[in-house]
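# sequence and predicted structure, then a few things I'm wondering about:
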Amino acid sequence: MRHLLTLFDLTSEEFHDVEKIARHLKARWAAGYREPLLQGQTLALLFEKPSLRTRVSFEAGVTQLGGTPLYLTQDVGWQQRETASDFIRVLGEYCQYVVCRTFSHDTVVELASFNCIPIINGLTDRAHPCQAMADVMTMREAVGDLKGKQLTFVGDGNNVARSVLHACGLAGMKFRLLGPTDYHIEQEWLDQVAADCDDLDAAQSTDAKSMLSGADFVYTDVWTSMGQENEAKERQKDFAAFQVNGELMAQAPKHCKVLHCLPAHRGEEITDEVIDSDQSLVIPQAGNRMHLQKGLLAWLAVENKQLNRSQLQLQ
Ligand code: CP
Ligand code: NVA
């Protein structure tokens, strides 16, 4: 059974295949086709933290594919009424996929270990693979071939940064992180990603000039992630020199595009002038969450033998 907990769960070919299916489904939908590829299938959503994009893009996406979303609230008693094993095995009797958003990454690892229903990581403290895959789709739409293009992530080496680094590596892009040294991505993760990607080109530094001069994309995320609220004051101080504002963008090439996974803390990690500028891709970026995840669900359905690949009508 296939799960998506991190991008390590996909080969490089599969990573590109999901995006290919997503682009195909996006084009088919835009051309007016309404194909119920996942008719009769149910996607459960199990969230420990709030969400707009991940929740609604999965709900809308599975609906567009003819399936049904089921957002589970506290009253199902997850982590309260029974063991994780009983809970997820029962869910596997009713549903075909679970999207799970948790604080601890270990929680999704445990759910996947029972191997009774595909678990899709909808963000943990470690990774946000659906976000990063959709971001690659957005960047490809913006500039075409991504080989050798550079993404500079400004700020915290967090869940989003880790997955974006990995996605850049799989897409043949250079990755740079500009931010305080104490918040750089751990060497262990970098080493694992390097082992998973051919010729990974990644660097982290506090030096804006060297990190920004070759940037084709500047990406940022909040300084304080969900669950870190008690560190907010300290983080505001630590990241103050790394705000994505007009001055910082002036150090990047003029053609450089701006990405943010959202939600943004405007006035902290990014200013209105940048996020609302012509360089900003943040709204289509959020839109592509749905298209990419439709591709992911269809790909998983094929992998888990619930859909015949020929039904995708890929050329
Ligand atoms: N980018 C993202 O995952 O947004 P949500 O927290 O709204 O799902
Ligand atoms: N790093 C942020 C991303 C939210 C989509 C968080 O974990 O809160």
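Structure received. Residues are numbered from 1 along each chain as shown. Ligands and ions are numbered 1, 2, ... in the order given.
# around ligand 2, pick out the residues from the stretch 151-300 of the chain.
Counting by C-beta under 6 Å from any ligand atom, the stretch 151-300 of the chain comes close to ligand 2 at 158-160, 221-222, 225-226, 261. Where you see a C-beta, it was placed from the backbone N, CA and C, and this is true even at glycine.
# quick one: the helices in this protein?
Applying DSSP state H to the chain gives helices spanning 12-30, 53-64, 84-94, 105-113, 129-143, 159-171, 187-196, 208-212, 232-239, 246-249, 272-275, 282-303.
# for ligand 1, which of those helices is the nearest?
For ligand 1, the closest of the helices of the chain is helix 53-64, at 3.3 Å, according to C-beta to the nearest ligand atom.
# other SSEs contacting that closest one?
With contacts taken as 3 or more C-beta pairs under 8 Å, 6 or more residues apart in numbering; DSSP states H and E, helix 53-64 sits against strand 42-47, strand 68-72, strand 97-101, helix 282-303.
# other residues contacting stretch 186-200?
7-8, 12, 157, 162, 165-166, 169-170, 172, 175, 202 (C-beta atoms under 8 Å, 6 or more residues apart in numbering).
# hang on, the earlier thing: which of the residues of the stretch 151-300 of the chain next to ligand 2 count as buried?
Buried members of these, counted by 16 or more other C-beta atoms under 10 Å: 158-160, 221-222, 225-226, 261.
# tell me how far stretch 192-211 lies from the chain's centre.
19 Å (C-alpha atoms, centre = their mean, to the nearest Å).
# is it true that residue 179 touches residue 239?
Yes. Contact criterion C-beta atoms under 8 Å: residue 179 and residue 239 qualify, at 7.0 Å.
# residues near residue 70, how many?
Residue 70: 17 surrounding residues under other C-beta atoms under 10 Å.
# likewise for the one 3 residues further on?
For residue 73, the tally of surrounding residues (other C-beta under 10 Å) stands at 9.
# circling back: let's have the residues of the stretch 151-300 of the chain next to ligand 2 in JSON lines, adding distance to residue 207 and pLDDT.
Output for those, formatted as JSON lines (distance: C-beta to C-beta, whole Å; pLDDT from 0 to 100):
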{"residue": "158", "distance to residue 207": "20", "pLDDT": "98"}
{"residue": "159", "distance to residue 207": "24", "pLDDT": "98"}
{"residue": "160", "distance to residue 207": "22", "pLDDT": "99"}
{"residue": "221", "distance to residue 207": "20", "pLDDT": "99"}
{"residue": "222", "distance to residue 207": "23", "pLDDT": "98"}
{"residue": "225", "distance to residue 207": "24", "pLDDT": "98"}
{"residue": "226", "distance to residue 207": "29", "pLDDT": "98"}
{"residue": "261", "distance to residue 207": "24", "pLDDT": "98"}
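# and which of the buried ones among the residues of the stretch 151-300 of the chain next to ligand 2 is nearest to residue 184?
Minimum distance to residue 184 across those is 10.7 Å, recorded for residue 158 (C-beta to C-beta).
# check what contacts stretch 108-121 and list those residues.
1-6, 84-85, 88-89, 91-92, 95-102, 105, 124, 127-130, 296, 300, 304.
# buried stuff in it?
In stretch 108-121, counting by 16+ other C-beta under 10 Å, buried: 108-109, 111-112, 114, 116-121.
# what residues does this structure have near ligand 1?
Going by C-beta under 6 Å from any ligand atom, the residues of the chain near ligand 1 are 51-54, 123, 131, 261-263.
# which of those has the most neighbours?
Counting neighbours by other C-beta under 10 Å, residue 123 leads the residues of the chain next to ligand 1 with 29 neighbours.
# residue 162 is in contact with that one, correct?
No. Using C-beta under 8 Å, residue 123 is not in contact with residue 162, being 11.4 Å away.
# now do the shared contacts for those two.
With contacts taken as C-beta under 8 Å, 6+ apart, residue 123 and residue 162 have no neighbour in common.
# which residues does the residue sitting nearest the centre point of the chain contact?
Central residue of the chain (C-alpha atoms, centre = their mean): residue 131, 1.5 Å from the mean position. Counting by C-beta under 8 Å, 6+ apart, residue 131 touches 54, 123, 160, 163-164, 261, 289.
# what does the model give it for pLDDT?
pLDDT for residue 131: 99.
# residue 164 versus that one, what's the distance?
From residue 131 over to residue 164 the distance is 8 Å, taken as C-beta to C-beta, to the nearest Å.
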